[in-house]
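**Student:** Below is the sequence, then the predicted model.
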Amino acid sequence: MALTKEIITIQAGHYANFVGAQFWNLEESSFVYHPVPEGTQIEVNNNVLFREGMTAAGVTTFTPRLLAYDLKGSLKTLKQYGDLYESSVRNESVQWENVEVIKEEAYEKNEFLKDLAKESAADNAIAADPNDVNLREKSYAFLETQVDVWSDILRVYYHPRTISLCKKYSFDKSADAFPLHAQGLQLYQEEMVQDDVDERIRYFAEECDHLQGFQVLFDPCGGFGGVTAKMATTMTDDYSKKAIFAIPCIATCPDTVGVARKTWHSNCALSIATLYESCSMIAPISVDSAVVTSALPRRFDYLDYFDPSKDYHSSAILAAAFNVASLPLRCRSNATTLSEMSSALTVFDRKLLTISCAFPFPRFEDRSLFAYLKSLEDRQPWTPLVPNASNVKIPVVQHVVCKGLTSFQIVSELEKRELPYGCWKLEDVLRQYLGDVFPSCPNMLHSFDSLCHIESPFPQLFSRKLNRDGIVTQSDRDDATGVRHVAAAVALQNSDEMAAYANSLADAIKYSLRAKDLCLEDDVVREHLETLVNIASYYQSWSGSSSASDSD
């Protein structure tokens, strides 16, 4: 295995932590534990994102190399310092002077978390029950209506230094307690907040041998956008040679009108503008189709039970897309780095990237991959996860990652006549398709053999036309059977589509609110507006020249 180059993950905001919880669950579901089953191919180097540790009892643990930042009261049953080695780290990190004791409401763990605790006890040979059900395949229907916070669905244990809570604002799922970008900027300037965050990042950075950079998931539409902007500036100063990949996780816009909705979009615009200089790449992800009041959420093929109003559902789709898109960073062989990915994708100073996904990527009982791709004609096989993007323009460059497509019949004997002799392998067929649909676009292709493992508590969003293994069939799957494996394909693109998105963000500031409504000075708002207009021009100027050449 090649040299491991570590990545530190940062999650800032409640929705970003929802996406993060689903992301880590998906990562853990692909772990291959020792002893490795015969014939198993290990494709992912888990040490890129996970760190190895040991409890006081001598049990080896693997926890994400992660800082998770959220508001006070957002954890519910999850302990801030975790359950792995709580006492030693807590005693080491807390200064017992002038401590304010706050009594919070006691919550009872849901059925999934209770089963998780039983599984953990069995793994540690404490008290195994032979009648326990495998929670990874067990159905937890109550989650459809009873998921309040991201810790309700977290299957992975966090390190005691991972969770940092903002004590100034309290979480309230019925109202945004931290609604302004400017609040986040001000909060991070408070010495205790900045020192706490910086110390946690430094702890994980100092234990890395070859830190390559950071992946930062954050809520851009409120105060956490301001916190993240300041955090990125500090990381740029302290780790100047490390890449920063920012992923604004945009929740479905709340069903509000007037100032609240305008503030939502204006905050997002401010977040993109303030992060643009500090970050190597920025890839916003959302199930909303546009930055407008009447925008409808995206619809996804074969996800018939997707409810965009549920964070539990939308975060699962976004997490799955980002999980697949970032797989090349975690290859056991020939892995790319954040800096290499950034250099390849952010040409012409265009740091705003689109992520599009086909999740699940359909596999058929009676049709080959070649036949399916041919049936698409000029249509792209994936759905954009960026508002205002429509996938009608050819990207300037794209990074395509496929997972589980080797389980397809690639090409039939009859179809081989339509391809160059001998070009019948998966990568041959994919490159032929990408070359036909994106003729002027450099395509970087990564293919992974293993399927995506769908394990509880990932929501069962899938059409009943998919069987247990994610194959499209003629008969419906019965209610008692869940989908356990699917294929996926994701494209990370530098595309002219982002001109419309950047313009919509600029309009959100320009036409929506006065500077004082955002708690900012007029000059500051004008500066951010100018930044967004300039960002849009990077895409429009290329688009204009491209269109002109096409018309010739």
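**Tutor:** Yep, it's here.

**Student:** only C-alpha atoms for contact and neighbour calcs from this point on.
**Tutor:** Noted.

**Student:** Identify the residues contacting stretch 334-341?
**Tutor:** 2, 5, 212-213, 242-245, 280, 328-330 (Cα atoms under 8 Å, 6 or more residues apart in numbering).

**Student:** Let me have the residues you listed in TSV, extended by distance to N443, neighbour count and secondary structure.
**Tutor:** TSV is the format used below for these (distance: Cα to Cα, whole Å; neighbours: other Cα atoms under 10 Å; DSSP: H, G, I helix; E, B strand; the rest coil):
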residue	distance to N443	neighbour count	secondary structure
A2	24	10	coil
K5	24	21	coil
Q212	24	21	coil
G213	24	24	strand
K242	25	18	coil
A243	22	25	strand
I244	23	27	strand
F245	20	23	strand
S280	20	25	coil
P328	14	25	helix
L329	17	21	helix
R330	19	22	helix
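
**Student:** Quick check: the farthest pair among those?
**Tutor:** For the contacts of stretch 334-341, with distances taken as Cα to Cα, the pair at the greatest spread is A2 and S280 (24.0 Å).

**Student:** Tell me which stretches of the stretch 301-450 of the chain form strands.
**Tutor:** Here the stretch 301-450 of the chain has its strands, by DSSP state E, counting those that start in this stretch, at 354-361, 363-364, 383-384, 397-403, 443-448.

**Student:** Sheet-wise, list the partners of the longest one with their directions.
**Tutor:** Spelled out, it's strand 354-361. Sheet pairing of strand 354-361 (DSSP bridges) gives strand 383-384 (antiparallel), strand 485-494 (antiparallel).

**Student:** Please give the number of neighbouring residues around the closest residue to V48 other than its chain neighbours.
**Tutor:** Closest residue in space to V48, ignoring its immediate chain neighbours: E6 at 4.4 Å, by Cα to Cα, 6 or more residues apart in numbering. Neighbourhood size, E6 [other Cα atoms under 10 Å]: 26.

**Student:** ok, now A177?
**Tutor:** If we define neighbours as other Cα under 10 Å, then A177 has 15 of them.

**Student:** Out of the strands of the stretch 301-450 of the chain, flag the one nearest D311.
**Tutor:** Closest to D311 of those, according to Cα to Cα: strand 354-361, at 17.3 Å.

**Student:** any idea of the angle the closest one forms with strand 397-403?
**Tutor:** Angle, strand 354-361 to strand 397-403, by axes from the mean of the first three to the mean of the last three Cα atoms, to 10 degrees: 20 degrees.

**Student:** Run the chain-centre distance for strand 354-361.
**Tutor:** With Cα atoms, centre = their mean, to the nearest Å as the basis, strand 354-361 stands 12 Å off its chain's centre.

**Student:** Show me what the mean pLDDT comes to for it.
**Tutor:** Strand 354-361 shows a mean pLDDT of 97.

**Student:** Show residues contacting it.
**Tutor:** Here strand 354-361 makes contact (Cα under 8 Å, 6+ apart) with 283-285, 300-303, 317, 320-321, 325, 381-386, 470, 486-495, 498.

**Student:** go again using 7 Å as the cut-off
**Tutor:** Here strand 354-361 makes contact (Cα atoms under 7 Å, 6 or more residues apart in numbering) with 283, 285, 302, 321, 381-386, 486-495.

**Student:** what does stretch 68-87 give?
**Tutor:** Here stretch 68-87 makes contact (Cα under 7 Å, 6+ apart) with 10-14, 17, 55-56, 90, 107-109, 149, 151, 158-167, 169-171.

**Student:** Can you list the buried residues in that stretch?
**Tutor:** Going by neighbour count (16 or more other Cα atoms under 10 Å), the buried part of stretch 68-87 is 68-78, 80-82, 84-86.

**Student:** and what of stretch 134-151?
**Tutor:** So, applying 16+ other Cα under 10 Å, buried residues of stretch 134-151: 135-136, 138-140, 143, 148-151.
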